[in-house]
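Engineer: here's a sequence, model it:
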Amino acid sequence: AADKIHLIPQDFFAELCEQIIQHLNHKIPGVNTAELCQRIQTSGVEINIGDLAKIANILSFLFSTAARNNLSTEELVTTLGSATSTLPKHAVQVIRHVWNEQGKAIAVSEDGRNIVTVGQFVDMKWKLGVAMSSDTCRSLKYPYVTVTLTVADPSGQITDKSFEMTIPQFKNFFRQFKEMASVLETV
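Structural biologist: Reported below is the predicted structural model:
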């Protein structure tokens, strides 16, 4: 994936690096690589979401390792010097700039085992639908609820998870949320 970095225009690469730093600083729940990938593709660059996600993971590892080792900007650039045959010059310049401006703010956990291993809720959307008919049944009139959860996984990649529920399933789902809310009120 590192060889695909040269495909990403400098402004998008800088935005990706800044989002990763913000994620590592717990200011945003994750990096929306799907949205960024779509914008990069709209600009005329051919890159797929998988490659962009790998690049984001590489950069996240780079910045978190540099923070853990308390590297200065020059130490980071020197370390990257061995990879300059792989990394384009504009990428090294962006990494240098972003690290110099925002890198020192990365909160480093004293205990590496405190790393979150579950996803983080970002957003939820829902809609009510009615199935009117199908190829095997002329008149269904069957209501359902579609829920889309937006979640940031532990590496910061934002993904959508969608599912449908029947009305009885939704009522059970809602009941469980009410139970959680009442428990939270007692805390």
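
Engineer: neighbouring contacts of the helix-or-strand element of the chain with minimal mean pLDDT?
Structural biologist: Least confident helix or strand of the chain, by mean pLDDT, DSSP states H and E, is helix 73-81 with a mean of 84. Residues from elsewhere that reach helix 73-81, judged by C-beta atoms under 8 Å, 6 or more residues apart in numbering: A66, L71, L87, V92, I95, R96, W99, N100, G103. In this view, the C-beta of every residue, glycine as well, is placed from N, C-alpha and C.

Engineer: what's the domain layout of the chain?
Structural biologist: Domain segmentation of the chain under the TED database yields 2-105, 120-185.

Engineer: residues of the least confident helix or strand of the chain that come out buried?
Structural biologist: Buried residues in helix 73-81, defined by neighbour count with 16 or more other C-beta atoms under 10 Å: T73, L76, V77, L80.

Engineer: roughly how far apart are the residue of the chain positioned farthest from its centre and V130?
Structural biologist: Distance from the centre of the chain peaks at R138, with 42.4 Å (C-alpha atoms, centre = their mean). To V130, R138 is 15 Å away according to C-beta to C-beta, to the nearest Å.

Engineer: try K54
Structural biologist: 41 Å.

Engineer: of the two, which one has the most company?
Structural biologist: Set K54 next to V130 and count neighbours by other C-beta atoms under 10 Å: K54 wins out with 15 against 9.

Engineer: what backbone torsions are found at T148?
Structural biologist: The phi/psi pair for T148 (degrees, to the nearest 10) reads phi -120, psi 120.
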